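**Student:** Quick one, fold the following:
(2 chains)
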Protein chains: 2
Amino acid sequence: MAKNVGILAMEIYFPPTCVQQEALEAHDGASKGKYTIGLGQDCMAFCTEVEDVISMSLTAVTSLLAKYKIDPKQIGRLEVGSETVIDKSKSIKTFLMQIFEKSGNTDIEGVDSTNACYGGTAALFNCVNWVESRSWDGRYGLVVCTDSAVYAEGPARPTGGAAAIAMLIGPDAPIAFESKFRGSHMSHVYDFYKPNLASEYPVVDGKLSQTCYLMALDTCYKYFCHKYEKLEGKQFSLSDADYFVFHSPYNKLVQKSFARLVFNDFTRNVSSVDDITKEKLGPFSTLTGDESYQSRDLEKASQQVSKPLYDAKVQPTTLIPKQVGNMYTASLYAAFASLIHNKNSELAGQRVVLFSYGSGLTSTMFSLRLHEGQHPFSLSNIATVMNVAGKLKSRHEFSPDKFVETMKLMEHRYGAKDFVTSKDCSLLSPGTYYLTEVDSKYRRYYAMKDGECSTCENGAVANGH
Amino acid sequence: MAKNVGILAMEIYFPPTCVQQEALEAHDGASKGKYTIGLGQDCMAFCTEVEDVISMSLTAVTSLLAKYKIDPKQIGRLEVGSETVIDKSKSIKTFLMQIFEKSGNTDIEGVDSTNACYGGTAALFNCVNWVESRSWDGRYGLVVCTDSAVYAEGPARPTGGAAAIAMLIGPDAPIAFESKFRGSHMSHVYDFYKPNLASEYPVVDGKLSQTCYLMALDTCYKYFCHKYEKLEGKQFSLSDADYFVFHSPYNKLVQKSFARLVFNDFTRNVSSVDDITKEKLGPFSTLTGDESYQSRDLEKASQQVSKPLYDAKVQPTTLIPKQVGNMYTASLYAAFASLIHNKNSELAGQRVVLFSYGSGLTSTMFSLRLHEGQHPFSLSNIATVMNVAGKLKSRHEFSPDKFVETMKLMEHRYGAKDFVTSKDCSLLSPGTYYLTEVDSKYRRYYAMKDGECSTCENGAVANGH
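**Tutor:** This next block holds a predicted model:
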């Protein structure tokens, strides 16, 4: 069986268009700090009318193949995780086939995986399992997470975002799965869902969703620890991993989540919990599970005691989610990309534990073991290719008014047919795909901005006919 | 690594409500034989207002667990293939978690796989790969294909249908994968898709879709043969498999598909092609690929020469698709279930080749090797449990008028909220789940018809709150 199967290479794309959360607060008449401190968010990326989840994923995949010099013929499986539905039957994966058909490679397994923000994790697990299975034909797998998170006007709107991430999967990876350390929790709830089919906006019960998230985290951590102890013959605690990466709808929930794990270690009475933590959390040891989710005092105390550990083990994972916003399926992997951006080759030999959550709900905690790897599949090269700092720096800030105006246009465009876009790709980097037209039969046409971008019509992706 | 991984057990459910194609022909003013001979269909099942893809899958899974005496705690992975979207974010899998949460088992990986009629095959491959991977924890996988195929009034309407199939996955299976013999063809086309998000009906280009299907079949067969020859050191021909099972939108396309494979064997000049075939197909050997898809004479000649082989290798797979209609993701596996129903233990030792097609498009040809197996996981017991003859016999025929009336009601109900159904489960068998209510927040409530069905309210499935 193939060894050290995992992530060989990564690329991230997010729209260059964004709005500052501080400006949005003021615009919305929210109290100062509501979005920046209350939610813990700095900035939010969004698609304008020339971008969508298909164009973003075309950009991410094309860029990954080019920057790591991967021949499209070397891809044997391609899977997409997304909850942004443009078509209820035709997968995003089939749109991406345009890239591979040009090279004559159509023998590529995999479709789209869907359950809220968890689809990318499902796709990733499927791809890793494929490499470890008898079905593997020796070629690479490719996983794409792509989403545009938008909300109706109101309190949830600042928790939007948009991005696509592409990950190359194979053996001898610098980012290898420790597949036996894994705990999942799946349950039937209505915390966040999209039953209004004609609208892009979800139905959200924010309070319920936060409780579901924390309950899922507890349960996954319980199963994870149980499996670790069964296999390793010793207790697992937060000290056994170097970093913890969380699905990040907004940063405040990540802070609460890590604090919750510290509370878990305290109630499990693990040896690594220090005296200060025991003293501060002692008063909460008799709370029932339900009470503990509702207690603001516990939340405050646990965040306080966990702060040093949070700064060491979580803070390096928060850059992109705070700067780009919630990217749904891409959110967890953007947090992981932040870690690689910040620490790159220092991560060699370290263990990173990830928590993936998708409303509805599906959730898994899983473990990765990192190695420096061989160029081009090395942690340092992945950091170089992703160029997170450069991408963040070259963004264009929209005013809140212009952001709201864009959202209004996008509402009309969602599910619509028979229109052409402005084709204005002046804000996009060369190599970025963009939407040019949706015809009378809802067929979508994209082009790639070339180096010159005189007409922006070069590099048009042929329609499937 | 686990050996002989594949399908251990199966259960099929289809609505008891159906309309005869002959009656529908007359009602629609179509020429006599248009649906029955032209499409090759006998009857079509459909959901009334108390059934949907969620209720059908609840029924199929509950029944499978009960009839094969599987403890819900023994399931470690559950995946759903479907293209019938009730919610764009919350997966059908999470609805099915209700069955497992009752037993305290929430540690179950997997979500929904989506691309038209191919999602079930993707889910099946993922589940088999999981059992063969390091992530496998020794428990069973469970794959569910569930769809309701409905079309707007017009020529495509008689190609509807509805069903759910559940398949238990594990090692030492009577229906084992020959994973190395597999060819896929994936491409970006708009032959059938669902871009009108508010409508349950697809946009269909029937002629294009049929050509795409046959082109995909050719390409998959080419890759399949190539891989077989590489591994086995000899040419593959139709004589190397005992049965061929096709995704069946309507039976006529299955007839054409098998004839197309015979034409492929002829052009490949394989030794098993007999002299009559060579003589009859000779005149078409100089056609280009495109011409060959358009030639009615070739279609006729190849169907004629392939008839004896079709009767032996394909006809035993056609019962359920002809009687129930297109079941989208469940269609291929309903065809396979027909084979087990017809031949059960006679299949031991035989090879069955399947062709899965999902518009958009994704397609794979793959191979299974069958063994009698050990009770309860034996071919004969699977046939007994599925009880296909009994289920077909106990159906209730609706008049075309009543069918059309039902479709009209369902159009209004699609994507709607805040209504209660009639809760009329008089036509349903005991153990069948049915929809009772969709509340003002779009939350869906189901109940199970019990043995008595006095109120039909017993066995209500708790809402996720």
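**Student:** Show me the helices in the stretch 1-150 of chain A, by range?
**Tutor:** In the stretch 1-150 of chain A, the helices defined using DSSP state H, counting those that start in this stretch lie at A:21-28, A:53-67, A:92-101, A:119-132.
**Student:** quick one, which of the ones you listed is packed in tightest?
**Tutor:** Among these, judged by mean count of other C-beta atoms under 10 Å in any protein chain shown, the one packed with the most neighbours on average is helix A:119-132 (a mean of 29). Bear in mind the C-beta positions are built from the backbone N, C-alpha and C, glycine included.
**Student:** How about the residues of the stretch 251-400 of chain A by chain B?
**Tutor:** Counting by C-beta under 8 Å from any C-beta of the partner chain, the stretch 251-400 of chain A comes close to chain B at A:Gly358, A:Ser359, A:Gly360, A:Leu361, A:Thr362, A:Thr364.
**Student:** want to try JSON lines for those residues, with distance to B:Lys234 as columns?
**Tutor:** Rendered in JSON lines, the data for these read as follows (distance: C-beta to C-beta, whole Å):
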{"residue": "A:Gly358", "distance to B:Lys234": "47"}
{"residue": "A:Ser359", "distance to B:Lys234": "52"}
{"residue": "A:Gly360", "distance to B:Lys234": "49"}
{"residue": "A:Leu361", "distance to B:Lys234": "51"}
{"residue": "A:Thr362", "distance to B:Lys234": "45"}
{"residue": "A:Thr364", "distance to B:Lys234": "44"}
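**Student:** Identify, from the residues you listed, the entry nearest to A:Gly431.
**Tutor:** When those are compared for distance to A:Gly431 (C-beta to C-beta), A:Gly358 wins out at 30.2 Å.
**Student:** and the helices of the stretch 1-150 of chain A as CSV, adding distance to B:Tyr13 and mean pLDDT?
**Tutor:** Formatted as CSV, these follow (distance: least, C-beta to C-beta, whole Å; pLDDT from 0 to 100):
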stretch, distance to B:Tyr13, mean pLDDT
helix A:21-28, 49, 98
helix A:53-67, 34, 98
helix A:92-101, 29, 98
helix A:119-132, 25, 98
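**Student:** Tabulate those helices (JSON lines), appending distance to B:Met167.
**Tutor:** Formatted as JSON lines, the helices of the stretch 1-150 of chain A follow (distance: least, C-beta to C-beta, whole Å):
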{"stretch": "helix A:21-28", "distance to B:Met167": "48"}
{"stretch": "helix A:53-67", "distance to B:Met167": "31"}
{"stretch": "helix A:92-101", "distance to B:Met167": "23"}
{"stretch": "helix A:119-132", "distance to B:Met167": "17"}
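**Student:** Redo those helices as TSV? Include distance to chain B.
**Tutor:** Putting the helices of the stretch 1-150 of chain A into TSV (distance: least, C-beta to the nearest C-beta, whole Å) gives the following:
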stretch	distance to chain B
helix A:21-28	24
helix A:53-67	10
helix A:92-101	4
helix A:119-132	4
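**Student:** right, and these - which one's nearest A:Asp274?
**Tutor:** Counting by C-beta to C-beta, A:Asp274 lies closest to helix A:119-132 out of these; the figure is 32.2 Å.
**Student:** Taking their axis directions, that closest one and helix B:92-101 sit at what angle?
**Tutor:** 80 degrees (axes from the mean of the first three to the mean of the last three C-alpha atoms, to 10 degrees).
**Student:** So what's the residue count around the closest residue to A:Val150 other than its chain neighbours?
**Tutor:** Among residues not flanking A:Val150 along the chain, A:Gly160 sits closest, at 5.1 Å (C-beta to C-beta, 6 or more residues apart in numbering or on different chains). Around A:Gly160 sit 24 other residues, with neighbours defined as other C-beta atoms under 10 Å in any protein chain shown.
**Student:** same question, A:Ser359
**Tutor:** Taking other C-beta under 10 Å as the neighbour definition, A:Ser359 ends up with a count of 30.
**Student:** Pull the contacting residues for it.
**Tutor:** Residues in contact with A:Ser359 (C-beta atoms under 8 Å, 6 or more residues apart in numbering or on different chains) are A:Ala116, A:Cys117, A:Val189, A:Asp191, A:Phe192, A:Tyr193, A:Ser209, A:Cys212, B:Ser89, B:Lys90.
**Student:** Kindly reformat the residues you listed as a markdown table containing neighbour count, distance to A:Glu397 and pLDDT.
**Tutor:** Conversion of these to a markdown table gives the following (neighbours: other C-beta atoms under 10 Å in any protein chain shown; distance: C-beta to C-beta, whole Å; pLDDT from 0 to 100):
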| residue | neighbour count | distance to A:Glu397 | pLDDT |
| --- | --- | --- | --- |
| A:Ala116 | 30 | 29 | 98 |
| A:Cys117 | 32 | 26 | 98 |
| A:Val189 | 23 | 37 | 98 |
| A:Asp191 | 25 | 32 | 97 |
| A:Phe192 | 25 | 28 | 97 |
| A:Tyr193 | 27 | 32 | 98 |
| A:Ser209 | 24 | 29 | 94 |
| A:Cys212 | 24 | 34 | 97 |
| B:Ser89 | 25 | 29 | 98 |
| B:Lys90 | 32 | 34 | 98 |
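**Student:** of those, closest to A:Glu200?
**Tutor:** Distance from A:Glu200 was checked for each of these by C-beta to C-beta. The minimum falls on B:Ser89, at 10.9 Å.
**Student:** Apart from its chain neighbours, what residue comes closest to that closest one?
**Tutor:** The nearest residue in space to B:Ser89 (C-beta to C-beta, 6+ apart) is A:Lys194, at 4.0 Å.
**Student:** wouldn't that neighbour be in contact with A:Pro202 here?
**Tutor:** Yes. Shown here, A:Lys194 and A:Pro202 form a contact pair, counting by C-beta atoms under 8 Å, at 4.9 Å.
**Student:** Spit out the residues that contact those two alike.
**Tutor:** Common contact partners of A:Lys194 and A:Pro202 (C-beta under 8 Å, 6+ apart): B:Ser89.
**Student:** residue boundaries of the strands in the stretch 101-250 of chain A?
**Tutor:** When assigned using DSSP state E, counting those that start in this stretch, the strands of the stretch 101-250 of chain A occupy the ranges A:112-114, A:140-149, A:161-170, A:175-186, A:192-193, A:203-204, A:243-246.
**Student:** Which among those is found nearest to A:Phe100?
**Tutor:** Between A:Phe100 and the strands of the stretch 101-250 of chain A, the shortest gap by C-beta to C-beta is with strand A:140-149, which sits at 9.5 Å.
**Student:** Now do the same contact list for the spatially closest residue to A:Gly325 that is not a sequence neighbour.
**Tutor:** Leaving aside its sequence neighbours, A:Gly325 sits nearest to A:Gly161 (C-beta to C-beta, 6+ apart; 2.5 Å). In this structure, A:Gly161 makes contact with A:Phe14, A:Met44, A:Ala45, A:Phe46, A:Ala149, A:Pro321, A:Val324, A:Gly325, A:Asn326, A:Met327, A:Tyr328, A:Ser331, judged by C-beta under 8 Å, 6+ apart.
**Student:** Just the closest of these to chain B, please.
**Tutor:** Proximity of those to chain B, judged by C-beta to the nearest C-beta, is greatest for A:Tyr328, which lies at 8.9 Å.
**Student:** picking that back up, CSV for the contacts of A:Ser359, including distance to B:Val314?
**Tutor:** Shown next, in CSV, are these (distance: C-beta to C-beta, whole Å):
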residue, distance to B:Val314
A:Ala116, 41
A:Cys117, 43
A:Val189, 45
A:Asp191, 47
A:Phe192, 46
A:Tyr193, 42
A:Ser209, 50
A:Cys212, 48
B:Ser89, 39
B:Lys90, 38
